[in-house]
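Engineer: Okay, sequence plus prediction incoming.
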Amino acid sequence: MKRMILLLVLAFSASAYSQVLYSISGNGLQQPSYVLGIIPFVPESYVDSIPGLREVIKNVGQGYGEMGIEEPDVEKEAEADEEEEIDHSLPDDLTMEELLSAEDVALTDSLLNLDPGIDMSDEDQKEYLHTLDLRFIATLLLQNRLMPPAGSYGLGIEGYIQTLVPAYGGLETSAYQEKILFPPMTAAKQKDYLHKTLANIDALEKANRAIVTAYRTQDIKAIEAAYDYNKLLEVGLQLSTQKEMDEMEDRTINRRNQQWVQRMPRIMSQKPTLFTFGVGHLLGEKGVLQLLRKGGYKVNPVKTQ
């Protein structure tokens, strides 16, 4: 905890460059490409707070994010996903009322109502939400607590960038992401996960807000410290065991990083590209930045003029 706080304080000192936006050059590239780390909950207006980003957007010929169906490999995944229907319902046709206490159901409904797109007085909508995977519900509850005030978010950073670049593709399908993020889990474990999320929602919100604060400093060490603390908190609150956390990080971060870095060279050889990934994918020895460096590329923070 002390280490995270110190890093966050140090990160507020002025910097001559952004540590969430990096140039990729060398290894045969005729023109540089770029990778930008982003997080949800930061409005589109923040684009102007990232040094050099506007100039990068002007100079690239295309953008790529995590999701899309533009790449041949992604098209193959999409075809496979069509054959394998993804079910986000609770197992065995269970409902939230059958698993949770009346108190937890009422609290869940009140927190779901914070989402402008949800109306829990609509019985059809309520019935549908009460049949969904409880991990998905837990994620939605936390997301609702973290979203900026209505009207201030706009399209978010990635959505806004999509409107500014000539073309925008993706490296994997949304269905593929969903399979990775929500692998099969028993109803009993889902119940426990949502119950503990509800019991500790304030602490979880605070830890996730620390990630947003660290991101706004644009200091990669502060961001990594905030992510590390968040993972420690999840284990400490027994939302996950350390083994489960390690397996999830390998499944949702490390393996995907490797897949993306394998696909990026061909895309970069076509035209200068701005890649937009969740900032967690940039961190550490198994992050996209280090994998690109190990692949022979020069990867450096974009400096201001």
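Structural biologist: Yep, it's here.

Engineer: which residues does Ile223 contact?
Structural biologist: Ile223 makes contacts with Gln19, Val20, Gly37, Ile211, Ala214, Tyr215, Thr217, Val279, Leu283, as judged by C-beta atoms under 8 Å, 6 or more residues apart in numbering. Glycine gets a C-beta too; all of them are placed from N, C-alpha and C.

Engineer: scratch that, Gln242
Structural biologist: By C-beta under 8 Å, 6+ apart, the neighbours of Gln242 are Val235.

Engineer: now Ser45
Structural biologist: Contacts of Ser45 by C-beta under 8 Å, 6+ apart are Ser152, Gly154.

Engineer: repeat that for 7 Å
Structural biologist: Contact analysis of Ser45 by C-beta atoms under 7 Å, 6 or more residues apart in numbering lists Gly154.

Engineer: Gly65 versus that one, what's the distance?
Structural biologist: 19 Å (C-beta to C-beta, to the nearest Å).

Engineer: Tell me where the model's unsure across the protein.
Structural biologist: Counting by pLDDT under 70, the low-confidence segments of the chain come to 1-18, 68-87, 150-151, 305.

Engineer: ok, 90 please
Structural biologist: Applying pLDDT under 90 to the chain flags the ranges 1-18, 40-41, 67-89, 91-93, 113-117, 143-155, 173-185, 237, 239, 303-305.

Engineer: What are the boundaries of the strands in it?
Structural biologist: Per DSSP state E, the chain carries strands over the ranges 17-25, 33-38, 62-67, 168-172, 273-278, 298-303.

Engineer: could these be laid out in a markdown table, adding distance to Ser101?
Structural biologist: As requested, those are exported to a markdown table (distance: least, C-beta to C-beta, whole Å):
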| stretch | distance to Ser101 |
| --- | --- |
| strand 17-25 | 42 |
| strand 33-38 | 37 |
| strand 62-67 | 36 |
| strand 168-172 | 38 |
| strand 273-278 | 34 |
| strand 298-303 | 49 |
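
Engineer: Of those, which is nearest Asp122?
Structural biologist: strand 62-67 (28.4 Å; C-beta to C-beta).

Engineer: Tell me which residues are up against the closest one.
Structural biologist: Residues contacting strand 62-67 (C-beta under 7 Å, 6+ apart): 158, 161-162, 165-174, 177, 267, 271, 273-278.

Engineer: So among the residues you listed, which ones count as buried?
Structural biologist: Listed as buried from the contacts of strand 62-67 are 158, 161, 165, 168-173, 267, 273-278; burial here means 16 or more other C-beta atoms under 10 Å.

Engineer: just those residues now: which is nearest Asp104?
Structural biologist: Closest to Asp104, out of all of those and judged by C-beta to C-beta, is Gly278, at 29.5 Å.

Engineer: Pull up the gap between the closest one and Arg216, please.
Structural biologist: 16 Å.

Engineer: now swap in Gly156 and tell me
Structural biologist: According to C-beta to C-beta, Gly156 stands 14 Å off from Arg216.
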